[in-house]
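S.K.: the amino acid sequence is not available; the structure is as follows:
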């Protein structure tokens with residue numbers, strides 16, 4: 001991993017990771033200040049300055065995070081997780097990023113950013129798809145703390161890994177990536193320009209310019225969104241008027257920077273108990289958008305009989321367009 005992979009969120013100077021405190025070199029600071037960022041006991045680093053926060057505690061609440069952990073760990077969205085990781089492994093392999101042996105002194109680190117990683121359900125699986133470095137970023141401190149804690153227990157954090165775990169002795173698609181859990185804003189990524197081979201955004205914000213800046217030429221962008229018909233029976237029970245998901249509305253915003261190379265659809269039938277349905281509602285915007293009496297009526301129905309619905313997802317794969325060089 002190059003030293004300049006990370007940059008200081010305060011002065012944009014190169015930022016060097018360490019097991020206890022990350023420090024920038026102050027080279028771009030007007031006063032040559034070396035800004036320190038302590039590593040939390042769970043293993044994450046907070047790179048979200050106060051001036052970049054729009055609220056005191058941005059991002060998902062602890063209740064939402066806990067509900068999502070219970071729901072996802074029960075396997076209800078596993079088909080999507082498996083598909084995403086299959087696609088990532090294929091993208092990395094087809095560009096010979098992970099399949100060809102590399103001379104260690106000339107080895108180029110393959111870096112991936114999972115933006116809006118949450119508590120890490122998808123991130124933990126992504127770490128096994130073949131990259132060297134997996135940056136897990138989210139604006140929610142409780143979510144990143146949860147991801148870091150799991151990663152630390154599994155010895156997957158960047159400062160825990162041996163050469164063998166990093167794949168430097170056996171460079172195979174099944175190597176384990178070094179995970180860097182970061183609290184940060186997607187709009188102000190603390191990453192060196194053109195340092196990422198790929199970015200994944202799973203139900204997370206889409207920022208075309210920020211993503212294009214972080215990605216290397218011809219790097220990949222993988223986006224997962226709810227598709228038309230996603231959880232329709234739940235939404236019909238909660239709202240008087242149901243507006244369908246406009247899944248591809250952001251594609252025109254990405255067009256100046258990216259080329260769409262693949263669109264895939266994943267559907268999975270769900271049969272939910274009242275407790276599981278309550279977790280699903282809590283982890284979605286339905287928790288606060290629907291009227292309380294509507295939510296209670298829906299949950300009461302599920303207490304007598306499992307509630308059936310269908311999850312529908314669409315996954316877009318895009319590639320950064322190589323800049324056009326004008327003829328002299």
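M.R.: Perfect, I can see it now. This is a predicted model, so every value here is computed, not measured.
S.K.: what does the closest residue to residue 124 other than its chain neighbours show for phi and psi?
M.R.: Leaving out its chain neighbours, the residue that sits closest to residue 124 by C-beta to C-beta, 6 or more residues apart in numbering is residue 150, at 6.6 Å. Heads up, the C-betas are built off the backbone N, CA and C, glycines and all. Backbone torsions of residue 150, given as degrees, to the nearest 10, read phi -70, psi -40.
S.K.: separation between residue 150 and residue 229?
M.R.: Residue 150 sits 32 Å away from residue 229, going by C-beta to C-beta, to the nearest Å.
S.K.: more neighbours: which of the two?
M.R.: Per other C-beta atoms under 10 Å, whichever of residue 150 and residue 229 has more neighbours is residue 150, with 19 against 15.
S.K.: local confidence estimate at that one?
M.R.: On the pLDDT scale, residue 150 is placed at 96.
S.K.: number of nearby residues for the nearest residue to residue 117 once chain neighbours are set aside?
M.R.: Excluding the flanking residues, the one nearest residue 117 by C-beta to C-beta, 6+ apart is residue 136, at 4.1 Å. Residue 136: 29 surrounding residues under other C-beta under 10 Å.
S.K.: residue 136 reaches residue 123, doesn't it?
M.R.: Yes: at 4.7 Å, residue 136 and residue 123 qualify as touching, with contact defined as C-beta atoms under 8 Å.
S.K.: mutual contacts of these two, please.
M.R.: Common contact partners of residue 136 and residue 123 (C-beta atoms under 8 Å, 6 or more residues apart in numbering): 114, 117, 147, 179.
S.K.: let's see which of those end up in helices.
M.R.: Judged by DSSP state H, helices contain the following of those: residue 147.
S.K.: looking at the shared contacts of residue 136 and residue 123, which is nearest residue 158?
M.R.: Of all the shared contacts of residue 136 and residue 123, residue 158 sits closest to residue 179, with 6.6 Å by C-beta to C-beta.
S.K.: what's near enough to touch that closest one?
M.R.: Residue 179 touches 123, 127, 134, 136, 147, 151, 156, 157, 158, counting by C-beta under 8 Å, 6+ apart.
S.K.: equivalent analysis for residue 209, please.
M.R.: Going by C-beta under 8 Å, 6+ apart, residue 209 touches residue 257.
S.K.: check the offset of the host helix or strand of it from the chain's centre.
M.R.: Residue 209 is located in helix 208-214, with elements delineated by DSSP states H and E. The chain centroid and the centroid of helix 208-214 are separated by 15 Å, computed with C-alpha atoms, centre = their mean, to the nearest Å.
S.K.: before we move on, what about stretch 185-192?
M.R.: Distance of stretch 185-192 from its chain centroid, counting by C-alpha atoms, centre = their mean, is 13 Å.
S.K.: pull out the buried residues from it.
M.R.: Using 16 or more other C-beta atoms under 10 Å as the test for burial, stretch 185-192 gives 185, 186, 188, 189, 190, 191, 192.
S.K.: same list (these) but as JSON lines, adding pLDDT, distance to residue 175 and secondary structure.
M.R.: JSON lines is the format used below for the buried residues of stretch 185-192 (pLDDT from 0 to 100; distance: C-beta to C-beta, whole Å; DSSP: H, G, I helix; E, B strand; the rest coil):
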{"residue": "185", "pLDDT": "92", "distance to residue 175": "30", "secondary structure": "coil"}
{"residue": "186", "pLDDT": "92", "distance to residue 175": "27", "secondary structure": "helix"}
{"residue": "188", "pLDDT": "92", "distance to residue 175": "30", "secondary structure": "helix"}
{"residue": "189", "pLDDT": "96", "distance to residue 175": "25", "secondary structure": "coil"}
{"residue": "190", "pLDDT": "97", "distance to residue 175": "25", "secondary structure": "coil"}
{"residue": "191", "pLDDT": "97", "distance to residue 175": "22", "secondary structure": "strand"}
{"residue": "192", "pLDDT": "96", "distance to residue 175": "23", "secondary structure": "coil"}
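S.K.: all set now, cheers.
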